[in-house]
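Participant: how would this look folded up:
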Amino acid sequence: FYKASHDLPDGDNADLKPRLHPIFLLYFSKWSAEISGRSHAMPHIKTYMRVSPDFQKVAWFLVTSANLSKAAWGALEKSGAQLMIRSYELGVLFLPSEFGLDTGYFQVKENLLSDEPALSFPVPYDLPPEKYEGKGKVSFSNVVNKLNKYIWET
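Facilitator: Model (predicted):
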């Protein structure tokens with residue numbers, strides 16, 4: 001319903017746009033995954049990680065379906081007396097200590113198809129990320145929400 005990498009659905013909350021737009025632009029990166037052969041197929045999963053300044057070590061890595069949204073993370077309601085979670089998500093957190101590493105980090109695997117040590121971490125996209133310098137302005141769209149509302153109301 002919307003083009004990935006062109007629009008970000010933001011719901012119907014119009015005052016959300018001015019707060020999120022500048023913050024997200026600071027962290028946008030151009031999608032590139034030559035290391036895994038997936039530069040032309042951006043996945044829908046979400047990944048979060050703490051990586052060293054030289055992009056050689058990963059302190060933790062999270063693979064999840066969770067969006068950065070109130071529905072996924074919850075919001076306090078009823079004067080803060082109730083946490084309402086509207087969407088349950090699943091994720092896997094990789095911690096070096098759970099793999100017997102006492103270094104506090106995984107070494108980033110340089111080549112996903114190589115015979116590097118098993119405890120190097122296979123980050124599925126290219127590091128360091130290339131900063132997004134697109135000519136077009138990133139826009140927010142709530143087309144999906146409007147379409148869903150139309151479908152359920154008719």
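
Participant: could I have the lengthiest strand in the chain exported to PDB, CA atoms only?
Facilitator: As assigned by DSSP state E, the longest strand anywhere in the chain is strand 57-64. Extracted C-alpha coordinates of strand 57-64, given in PDB (Å, rounded to 0.1, in the frame of the first residue of the first chain):
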ATOM      1  CA  LYS A  57      32.300  -5.500  17.600                       C
ATOM      2  CA  VAL A  58      28.700  -6.000  18.600                       C
ATOM      3  CA  ALA A  59      27.700  -5.700  22.300                       C
ATOM      4  CA  TRP A  60      24.200  -7.000  21.700                       C
ATOM      5  CA  PHE A  61      21.900  -7.700  18.700                       C
ATOM      6  CA  LEU A  62      18.100  -7.800  18.700                       C
ATOM      7  CA  VAL A  63      16.000  -9.300  15.900                       C
ATOM      8  CA  THR A  64      12.300  -8.500  16.300                       C
END
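
Participant: Remind me what it packs against, helices and strands.
Facilitator: Counting contacts by 3 or more C-beta pairs under 8 Å, 6 or more residues apart in numbering; DSSP states H and E, strand 57-64 is packed against strand 46-51, strand 91-94, strand 106-108. All C-beta atoms are positioned from the backbone trio N, CA, C, and that covers glycine.

Participant: What's the first helix or strand after the last one?
Facilitator: Note on strand 106-108: by DSSP states H and E, the next helix or strand toward the C-terminus is strand 120-121.
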